[in-house]
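> Structure here, sequence nowhere to be found:
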């Protein structure tokens, strides 16, 4: 059996937040140089312009879990869509540098919230045998959004719009944001949230609608899990008994950024410029990077429920660390710049098939129902907090220490990631969320 039309529609709508996530986070790569020239930004202020959206993302990720548990994932995603619209229009019309920072911060709030609740919403809808692929659709849309952003930047660049070019590059995100908001009014609530609100008929109806093989049995399992959690309805996620899932979620979020992925994606034009590529050529190379990310995320999605999450993470760590070491060598020796594009393409391929496809699935799986949204928020916040620090410091480190230093650091961190995944991470494929909850409790003793 294949996922039915209702599950597919709900998954694609929830995952559309991922497209906006990807687009909004990297579209700044094309506009940042114009902003630097327009507002005479220092390396520190350049880093702040990129990172301010990530500050909003951390706050959005931390707050989304509580709001999602109160209002439901669907309703909270509607609020994030409004934030996306306001951010896109505001950035495009920004009248000075502080106003641009404010609207980029608002977009970050939307990114953080959707990075938490998009995967949670999909995970709570999808039957266990499809959950990995369905949740990975969110990451698929993230990388699709990245590719669309790079392509959009290039197309707008070729239109020679002059001083308004950067405004079009950042403002065009309003189009998919409005589409996201409209589509969110055509999907159901999460059956787990409905059951938690004692809307039993509604929950059962959604399970049937989503193609659950045994909707009554699944509802019974959901209600049993909710009954166990009733005494801890306002459960705090920061507790000793949740130390294992907390470590898993926070560490995978941090390792995702310590591999250097977003430093490369956000500053891709600067990286190619430092190797001697022109602005238009840098945009073209960025499209190649985005297309590779897109294709290999699809491959990762096809493998995630076959090879498993842990195996993909191990394979990816080996490949990404090798490529990062190669990039560091190019900048350290100032030789073979032609190899830079290929090393980055191979790096992106390894990252996309592993960390890219796995992170949001894994964080959504390791927490029990009572704190899943909160736990997803913490894992996502860890990801975005580390991302913020790296984006703030990347241009400063390059200017003060050298172009190779960040890549040496990223290569070392991916080796550490390999060891932690190998010895600490459990495999989660092919199990219901309730079964995983019981397994992880036993594993931490």
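Cool, the structure landed. Here the structure is a predicted model, which is why all the values come from computation and not from measurement. Numbering: from 1, shown residues only.
> which residues of the stretch 251-400 of the chain fall in helices?
Listed in chain order, the helices of the stretch 251-400 of the chain (DSSP state H, counting those that start in this stretch) span 261-266, 268-274, 279-303, 309-333, 338-351, 357-365, 372-400.
> what would these look like in a markdown table with distance to residue 194 and mean neighbour count?
The way it works is simple: take the backbone N, C-alpha and C, and place the C-beta from them, glycine included. Shown next, in a markdown table, are these (distance: least, C-beta to C-beta, whole Å; neighbours: other C-beta atoms under 10 Å):
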| stretch | distance to residue 194 | mean neighbour count |
| --- | --- | --- |
| helix 261-266 | 35 | 24 |
| helix 268-274 | 43 | 21 |
| helix 279-303 | 28 | 20 |
| helix 309-333 | 28 | 20 |
| helix 338-351 | 36 | 20 |
| helix 357-365 | 18 | 28 |
| helix 372-400 | 15 | 23 |
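> roughly how far apart are the closest residue to residue 161 other than its chain neighbours and residue 266?
Of all residues not flanking residue 161 in the chain, residue 168 sits nearest, at 6.0 Å (C-beta to C-beta, 6 or more residues apart in numbering). Computed as C-beta to C-beta, to the nearest Å, the residue 168 to residue 266 distance reads 19 Å.
> Please name every helix or strand in contact with the lowest-mean-pLDDT helix or strand in the chain.
Every helix and strand in the chain was compared by mean pLDDT, DSSP states H and E; the lowest is helix 433-443, with a mean of 70. If you count contacts as 3 or more C-beta pairs under 8 Å, 6 or more residues apart in numbering; DSSP states H and E, helix 433-443 packs onto helix 215-229, helix 243-258.
> And for residue 238, nearest residue in space, chain neighbours not counted?
That would be residue 246: by C-beta to C-beta, 6+ apart, it lies 7.3 Å from residue 238.
> can you check residue 408 too?
residue 328 (4.6 Å).
> Hmm, residue 414 and that neighbour touching each other?
No - if you go by C-beta atoms under 8 Å, residue 328 and residue 414 don't touch, sitting 12.0 Å apart.
> list the residues that contact both of those two?
Residues touching both residue 328 and residue 414 by C-beta atoms under 8 Å, 6 or more residues apart in numbering: none at all.
> about what we covered before: if I read this right, the residue nearest to residue 238 contacts residue 378, doesn't it?
Yes - with contact defined as C-beta under 8 Å, residue 246 reaches residue 378; the gap is 6.9 Å.
> Check the contact lists of those two and give me the overlap.
Joint contacts of residue 246 and residue 378 (C-beta under 8 Å, 6+ apart) are residue 237.
> Quick check: the gap between residue 370 and residue 58.
Relative to residue 58, and taking C-beta to C-beta, residue 370 is found at 23 Å.
> And for residue 368?
Residue 368 sits at a distance of 24 Å from residue 58 (criterion: C-beta to C-beta).
> so where's this protein shaky on pLDDT?
Where the chain drops to pLDDT under 70, the residues are 1, 228-235, 275-282, 373, 441-445.
> how about the lengthiest helix in it: buried residues?
In the chain, taking DSSP state H as the definition, the longest helix is helix 128-158. Using 16 or more other C-beta atoms under 10 Å as the burial criterion, the residues of helix 128-158 that qualify are 128, 130-150, 152-154, 156-157.
> Could you pull up the residues touching the residue minimising distance to the centre of the chain?
Computing the C-alpha centroid of the chain and ranking residues by C-alpha atoms, centre = their mean puts residue 115 first, at 5.6 Å. Neighbouring residues of residue 115 by C-beta under 8 Å, 6+ apart: 17, 18, 21, 57, 60, 61, 360, 380, 383, 384.
> follow-up on the earlier one: by how many degrees do the longest helix of the chain and helix 338-351 diverge?
Counting by axes from the mean of the first three to the mean of the last three C-alpha atoms, to 10 degrees, helix 128-158 lies at 150 degrees to helix 338-351.
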